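J.: This is a predicted model, with the sequence first.
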Amino acid sequence: MKGLLAFCICLAVLACSCSKKEESKQQTAQPSSRLASIDENKAITPQFDWAGKFSEELRKVCIRGKWGYIDEMGKVVIAPQFDFAEGFSKGLARVKINDKWGYIDKMGKMVIAPQFDYAKDFSEGLARVLMRNKWGFIDEKGNLIVAPQFDRAEDFAEGLARVIIDFSHGKHGYIDKKGNLVIAPQFDWAGDFSEGLAPIMVEGGKRGYIDTTGKMVIMPQYFGAGDFSEGLALVLIDWDGDWVYIDKTGKTVSDTATIRSTRVESEIFYQIGEKRNVLARSGLNLKEAPTPSARTLKVVPYGERVFIAEDKNERVPFEAEGISGHWVLVNYATETGYIFDGFLSKLPAPPNSCHDLMQYADQKLGRVGKREEIVFDDCECNS
C-alpha cells in the first residue's frame, strides 16, 4: 500500500474531526422527512422514517419507531412491530423485541423466539448467539448446539469457527460444529478458512497461513494477508510496498500485476482488539445497532480509545458530514456497540492547541515536505 495514499486518507479524517458540530448533527438528528423506498427501477411514495437495503426481495423499514418489511412494490408484508430488525439471510431475519433477539421467516412468523442478548445470521447451518456475555451457536430450529462459553466467536467457514475463550488470554483458536476445540488458541489474530487455508498472526505482527489441522503451511512473514480465492491470496510484503498475489505454497505469482493500493484499501478488515481514537470533537455515539435511530449506549468522548470487536467485513455503510465510512462493532468501557468509523483514527486525537494539522500529522507520521496549513477556529495555537 502506498504510504502517500494512507497519509492523505488519515489527514482527511483528521481535518473533518475538528468541526464541533459534525457528529452530533448527523448521529443525533432523526430524518427530517419521510423516506421513500426505492429500488433500481421503481419509486415508492415516501412513507417511512427509515429504510434499509433490499435483501432476498424484502426491505426493512421503520415507521414510528417500529420495524417491519416491505416488498419491491412498497407493500408492507410484515407489519412494523419490532424494536429493531435486520435484513433477511437464508430465509430468516433477526429481530429484536424487549431487548431480546430472535428470528422470523418471510411470512413474519417467529421461528426462533426472542431469547438472546444478541444474534447473528446463519452460516453453514449455525448462528452465533450471545447469552450473558458469552457466545455460543444455535441451529435453524433454535436448538443450542454449542453452549455459550466464548468471549468472542465468529461464523463457521469450511466447518471451523474462530473463537477467543477468554479476552484476558486473548488468543484465537478454532472449534468444529460440535464445539470441540480442534486448533488450540495460540494466535494474536486469525481469519476464516478459505480453500483449506486461513490467515493467522503471531507475536510480532507477522502473518502466515495454517491448514485445518493447525499446521503452519506458509510461515508468518507478511504485514497483511487475505483469503484464498481460486488458489491465490493477497499479501502485503512490507508496509511501504504493494500487495501481491501468492499461491498456496507462498510463492509470489510473478505474472500477476501488482495490486493497486487504492483497490486493496477497500478490502482491508479490522483486527479484533485494534485500538482506534475518536476524533469527533463532540464525541461519537455508541449505538446498540448499526443505525442512527438505534438506542445510544454511551457517548465516547473526543480523544478516547475504542477497541475493535469484530474483524469481518460486516460493516454497514454510512455517511456523516460528507465522510463515508461504516458502522463497526467496538468495545468501550463495559459496553459493546456500533460506532461510525469515519471519525476514528490510529493517530491520537490532536490536542486542543493544534492549529496546523499538517504539522501535527508530520510529527506523528515522520513526514516532511510540502504542506498546506489548515487552521481551525475552535483550536488555540501555541506553536
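T.: Great, that's in hand. All values reported here derive from a predicted model rather than from experimental measurement.

J.: Name the nearest residue to Leu234, sequence neighbours excluded.
T.: Distance criterion C-beta to C-beta, 6 or more residues apart in numbering; nearest residue to Leu234, sequence neighbours excluded, is Gly226 at 4.1 Å. Quick note: C-beta positions are derived from backbone N, CA and C, even for glycine.

J.: so His172 makes contact with Val163?
T.: Yes: under the criterion of C-beta atoms under 8 Å, His172 is in contact with Val163, at a separation of 7.2 Å.

J.: contacting residues around Arg162?
T.: Going by C-beta atoms under 8 Å, 6 or more residues apart in numbering, Arg162 touches Arg152, Ala153, Glu154, His172, Gly173, Tyr174, Ala190, Gly191, Asp192.

J.: quick one: which of the residues you listed sit in strands?
T.: Arg152, Ala153, Glu154, His172, Gly173, Tyr174, Ala190 (DSSP state E).

J.: Closest one of those to Asn143?
T.: Each of the ones in strands among the contacts of Arg162 was checked against Asn143 using C-beta to C-beta; the closest is Ala153, at 16.8 Å.

J.: Okay, helices next: where are they in the stretch 101-250 of the chain?
T.: Taking DSSP state H, counting those that start in this stretch, the stretch 101-250 of the chain contains no helices at all.

J.: where does it dip in pLDDT?
T.: Per-residue confidence of the stretch 101-250 of the chain (counting by pLDDT under 70) places the weak regions at 239-241.

J.: Now do the shared contacts for His172 and Val163.
T.: Counting by C-beta under 8 Å, 6+ apart, the residues touching both His172 and Val163 are Pro185.

J.: List the contacts of the closest residue to Gly68 other than its chain neighbours.
T.: Among residues not flanking Gly68 along the chain, Pro80 sits closest, at 3.5 Å (C-beta to C-beta, 6+ apart). Residues touching Pro80, when contacts are defined by C-beta under 8 Å, 6+ apart, comprise Val61, Cys62, Ile63, Arg64, Lys66, Trp67, Gly68.

J.: Please, which helix or strand holds Pro80?
T.: Assigned by DSSP states H and E, Pro80 falls within strand 76-82.

J.: Give me the distance between that strand and the centre of its chain.
T.: Offset of strand 76-82 from its chain centre (C-alpha atoms, centre = their mean, to the nearest Å): 27 Å.

J.: hey, where'd the helices end up in the stretch 251-383 of the chain?
T.: 261-265, 357-365.

J.: Any idea which of the ones you listed has the lowest pLDDT on average?
T.: Summarising mean pLDDT across those, the least confident stretch is helix 261-265, with a mean of 38.

J.: Report the separation between the residue nearest to Gly68 and Lys66.
T.: Distance check for Pro80 against Lys66: by C-beta to C-beta, to the nearest Å, it reads 4 Å.

J.: which residues does Gly196 contact?
T.: Contacts here follow C-beta under 8 Å, 6+ apart; on that basis Gly196 touches Glu158, Asp211, Thr212, Phe228, Lys248.

J.: Among those, which one has the most neighbours?
T.: Looking at those with neighbours defined as other C-beta atoms under 10 Å, the largest count falls to Phe228 at 20 neighbours.

J.: what are the phi and psi angles of that residue?
T.: Note on Phe228: backbone dihedrals following degrees, to the nearest 10 are phi -80, psi 140.

J.: From what I see, it and Leu197 are in contact.
T.: Yes: here Phe228 lies in contact with Leu197, judged by C-beta under 8 Å, at a distance of 5.4 Å.

J.: Mutual contacts of those two, please.
T.: With contacts defined as C-beta under 8 Å, 6+ apart, the residues adjacent to both Phe228 and Leu197 are Tyr209, Lys248.

J.: Glu230: neighbour count?
T.: For Glu230, the number of neighbouring residues by other C-beta under 10 Å comes to 6.

J.: no, scratch that, I was asking about Leu279
T.: One way to gauge burial is a neighbour count; for Leu279, by other C-beta under 10 Å, it gives 24.

J.: Could you tell me the model confidence score at it?
T.: Note on Leu279: pLDDT of 84.

J.: Can we start the residue count at 594 from this point?
T.: With the count now opening at 594, the last piece we talked about shows up as Leu872.

J.: so it sits right up against Phe936, yeah?
T.: Yes: Leu872 sits in contact with Phe936 when judged by C-beta under 8 Å, with a separation of 4.9 Å.

J.: hang on, the earlier thing: tell me which residues of the strand holding Pro673 come out buried.
T.: Judged by neighbour count (16 or more other C-beta atoms under 10 Å), strand 669-675 contains these buried residues: Ile671, Pro673, Phe675.

J.: Check the first one and give its pLDDT.
T.: Looking at Ile671, its pLDDT is 96.

J.: So what pairs up with it in the strands?
T.: For Ile671, the beta-bridge assignment (DSSP bridges) gives partners Tyr662.

J.: In contact with it, which residues?
T.: Under the criterion of C-beta under 8 Å, 6+ apart, the neighbours of Ile671 are Leu651, Gly661, Tyr662, Ile697, Lys699, Met700, Gly701.

J.: before we move on, the earlier item: and the next helix or strand past the strand holding Pro673?
T.: Defined by DSSP H and E, the subsequent element after strand 669-675 is strand 677-682.

J.: coming back round to it: what about the residue nearest to Leu827, how many neighbours?
T.: Burial of Gly819, expressed as a neighbour count using other C-beta under 10 Å, amounts to 23.

J.: Equivalent analysis for Ser648, please.
T.: 14.

J.: Relative to Gly876, how far out is the nearest residue to it once chain neighbours are set aside?
T.: In space, Ser648 comes closest to Gly680 once its chain neighbours are excluded; the distance is 3.5 Å by C-beta to C-beta, 6+ apart. Distance of Gly680 to Gly876, given as C-beta to C-beta: 29 Å.
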